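Sequence below, structure please.
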Amino acid sequence: MERKRFEKLVEQSLDLLPEVFRSKLTNVAIIVEDAPPEEPERGSLLLGLFHGVPRTEKSVFYAGPPDHIYLYQKNIEAVCRSDEEIRRQVRATLLHELGHYFGLSESELRDL
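The predicted structure is shown next:
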């Protein structure tokens, strides 16, 4: 899939977020890259990554650099068989990483 089309899927997923969450997305960059610099353990592909300080750990006086949410296009495409699956996986991965941004742990996200 072309990068522009993939990025459009990311934008559409953001647009579908309820306003209550979308309005709380501050100082966070969402970045699409081909793949992570290093893959985790063998046999798994990293689809996305949150890098930053969760909102639940920031004070109102926090003035640090922006947080980053990375979506790894080639890895997402590798686990999907169709454009529709890619669309769903982009949304799922973005929601997962936004969960970390909002302070949810990996186990809490799995339980959802």
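
Please make it C-alpha for all contacts and neighbour counts, starting now.
Noted.

Which phi and psi values does the residue lying farthest from the centre of the chain adopt?
Ranking residues of the chain by C-alpha distance from their mean position (C-alpha atoms, centre = their mean) puts Phe61 at the top, at 25.0 Å. Main-chain torsions, Phe61, degrees, to the nearest 10: phi -100, psi 0.

Distance check, the spatially most central residue of the chain against Gly48.
In the chain, the residue lying closest to the centroid (C-alpha atoms, centre = their mean) is Leu94, at 3.3 Å. Remark: distance between Leu94 and Gly48 (C-alpha to C-alpha, to the nearest Å) = 7 Å.

residues shared between the contacts of these two?
Common contact partners of Leu94 and Gly48 (C-alpha atoms under 8 Å, 6 or more residues apart in numbering): Ile69, Leu71.

coming back round to it: next up, the contacts around the residue nearest to the centre of the chain.
Leu94 is in contact with Val10, Ser13, Gly48, Ile69, Leu71, counting by C-alpha under 8 Å, 6+ apart.

would you turn those into JSON lines with pLDDT, neighbour count and secondary structure?
Putting those into JSON lines (pLDDT from 0 to 100; neighbours: other C-alpha atoms under 10 Å; DSSP: H, G, I helix; E, B strand; the rest coil) gives the following:
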{"residue": "Val10", "pLDDT": "97", "neighbour count": "20", "secondary structure": "helix"}
{"residue": "Ser13", "pLDDT": "96", "neighbour count": "17", "secondary structure": "helix"}
{"residue": "Gly48", "pLDDT": "96", "neighbour count": "24", "secondary structure": "strand"}
{"residue": "Ile69", "pLDDT": "98", "neighbour count": "22", "secondary structure": "strand"}
{"residue": "Leu71", "pLDDT": "98", "neighbour count": "27", "secondary structure": "strand"}
